[in-house]
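Novice: Provided below for reference: sequence and predicted model.
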Amino acid sequence: MNNKKSATQQFLKAALIACAGIASVAHAVVYQAENYNAFSDTTPGNSGGVFRGDAVDIEATTDSGGGYNVGWIVQGEWLAFNGLNIPTTGSYTVRMRVASPNGATASVDLNAGSIQLGNFVIPATGGWQNWTTVSRTVNLNAGTYNLGVFAQTSDWNFNWIEIIPNTTNPGRTLVWSDEFNSINTANWTFETGGGGWGNNELQYYTNGQNAFIQNDAQAGGNVLVIEARKNNPSNYGCWYGTCTYTSTRMVSRDKKTFKYGRIEARLKLPQTQGIWPAFWMLGSNLGSVGWPQSGEIDIMEHVGFEPTTTHGALHGPGYSGNTPIMGTHNLGEYVNVSYHVYAVEWDTNGIRWFRDNIQFYSVTRAQVQNYGTWVFDQPFFLLLNVAVGGSWPGSPDAGSVFPQRMYVDYVRVYQ
């Protein structure tokens, strides 16, 4: 989580767009609404008049990531997408990106309605281009299907539909987890201080006063809350004077370290100008060799001026600070709307980054060695924190809102 200016790699829209071929749900697949293979449209003409020349109403969308959406949807209309390959029988999450001024209902099915996946209640979003994501969990048998989206009611817009496998670690064993029913001091230490942390950050990290456990219905149980607050406690001094902000930095250093595997956390992020939440790792030899020789794996970082974007990065000798090896991912919604699983899969040959099992970036050992030394064949410890300000996100401004919270449902390690 060290200072950087811009991404060296960018993944603008996480989607595997399936038109006529087979879309395999090995990690996740997204069908863009406008890339249907068959349709039924009950109103004459194309109200949007863009992208395709048939009767389906398509318009340019202002949703994150741009592109097109199907709009002016009327009860009884449907779209079908061919070639959905479910490789393994199991649990999957179906997510739809939708908008409706007053609310609506859609349903999803397979093979022309022979397999019903259920109704999706679309809340009133207040406008045709005010987008939200609705989801449900379904059990699917292995096979190849045609996917259908059916309008149970009228007056909604449709941007994309995503299918995500919920069983993500074949061949791996869960070796450690923290489900955050409490703050377990056998796993975590609170690092404290207000010295800027190498990035001109503005917060003071307190000794647990900004972290607590609460029940969150959206997460389905207890979560860890890391809260960044705007306050002026006289007993906390920062590099610029009396601290303006406080927050939390939790580390597993000298308690839990891991070499290789899949490391993941289910998080809902804060979002405002000047905020900088992160889930990351540092080499356990940090104290003896220093940074960046220790190596750094940023599993997830977000900066507030990019409200729908997260980043994954590596820092090491020859690729650190303003010039990390970095991938960027657009969630398609504000980062503070929903929980998402952020993960890396790491071995001696390379590292791969995922959001909700969508791989959005990867680097090989050889690619890293084009920039400098590969330093990732050693144990690393975990960090969870919410910074305020700093050289990358910039300072909060007049529109920034506090307190800001990062919600952590769990952290898990598979090997």
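Specialist: Good, I have the coordinates. What you see is a predicted model, and the numbers here were worked out from it, not measured in a lab.

Novice: Send me the helix or strand hosting residue 281 as CSV with only the CA atoms.
Specialist: Residue 281 is part of strand 275-283 when elements are defined by DSSP states H and E. Extracted C-alpha coordinates of strand 275-283, given in CSV (Å, rounded to 0.1, in the frame of the first residue of the first chain):
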residue,chain,number,x,y,z
ILE,A,275,-10.1,7.5,1.6
TRP,A,276,-7.7,4.6,1.0
PRO,A,277,-8.7,1.1,2.2
ALA,A,278,-6.5,-1.9,1.6
PHE,A,279,-6.1,-5.6,2.1
TRP,A,280,-2.5,-6.5,1.5
MET,A,281,0.6,-8.5,2.4
LEU,A,282,4.3,-7.8,3.3
GLY,A,283,7.2,-10.1,3.4
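
Novice: So what sits opposite residue 104 in the bridge?
Specialist: Beta-bridge pairing for residue 104 (DSSP bridges): residue 122.

Novice: again, but for the one 5 residues further on
Specialist: Applying DSSP bridges to residue 109 yields these beta-bridge partners: residue 116, residue 148.

Novice: any idea how far residue 302 is from residue 346?
Specialist: Taking CB to CB, to the nearest Å as the measure, residue 346 falls 21 Å from residue 302. For every residue, glycine as well, the C-beta is placed using N, CA and C.

Novice: of those two, who's got more company?
Specialist: residue 302 (27 against 21; other CB atoms under 10 Å).

Novice: Am I right that the more buried one is in contact with residue 276?
Specialist: Yes. If you go by CB atoms under 8 Å, residue 302 and residue 276 touch, sitting 7.2 Å apart.

Novice: mind listing the strands for the stretch 151-300 of the chain?
Specialist: Using DSSP state E, counting those that start in this stretch, the strands of the stretch 151-300 of the chain run over 157-165, 174-178, 189-190, 203-205, 211-216, 221-230, 237-238, 241-242, 245-247, 249-251, 257-258, 261-268, 275-283, 296-301.

Novice: Save those strands as JSON lines, and put in distance to residue 59 and mean pLDDT too.
Specialist: Listed next are the strands of the stretch 151-300 of the chain as JSON lines, based on distance: least, CB to CB, whole Å; pLDDT from 0 to 100:
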{"stretch": "strand 157-165", "distance to residue 59": "8", "mean pLDDT": "91"}
{"stretch": "strand 174-178", "distance to residue 59": "44", "mean pLDDT": "94"}
{"stretch": "strand 189-190", "distance to residue 59": "50", "mean pLDDT": "98"}
{"stretch": "strand 203-205", "distance to residue 59": "43", "mean pLDDT": "96"}
{"stretch": "strand 211-216", "distance to residue 59": "36", "mean pLDDT": "94"}
{"stretch": "strand 221-230", "distance to residue 59": "38", "mean pLDDT": "95"}
{"stretch": "strand 237-238", "distance to residue 59": "49", "mean pLDDT": "93"}
{"stretch": "strand 241-242", "distance to residue 59": "52", "mean pLDDT": "92"}
{"stretch": "strand 245-247", "distance to residue 59": "42", "mean pLDDT": "96"}
{"stretch": "strand 249-251", "distance to residue 59": "45", "mean pLDDT": "99"}
{"stretch": "strand 257-258", "distance to residue 59": "47", "mean pLDDT": "98"}
{"stretch": "strand 261-268", "distance to residue 59": "30", "mean pLDDT": "95"}
{"stretch": "strand 275-283", "distance to residue 59": "33", "mean pLDDT": "98"}
{"stretch": "strand 296-301", "distance to residue 59": "33", "mean pLDDT": "98"}
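
Novice: Mark out where each domain of this structure begins and ends.
Specialist: For the chain, the structural domains run 28-165, 174-414, going by automatic domain parsing.

Novice: Setting aside sequence neighbours, what's the nearest residue to residue 145?
Specialist: Leaving out its chain neighbours, the residue that sits closest to residue 145 by CB to CB, 6 or more residues apart in numbering is residue 110, at 4.2 Å.

Novice: quick one: the one you found and residue 150 touch, right?
Specialist: No. If you go by CB under 8 Å, residue 110 and residue 150 don't touch, sitting 11.5 Å apart.

Novice: where do the contact lists of the two overlap?
Specialist: Applying CB atoms under 8 Å, 6 or more residues apart in numbering, one finds that no residue jointly contacts residue 110 and residue 150.
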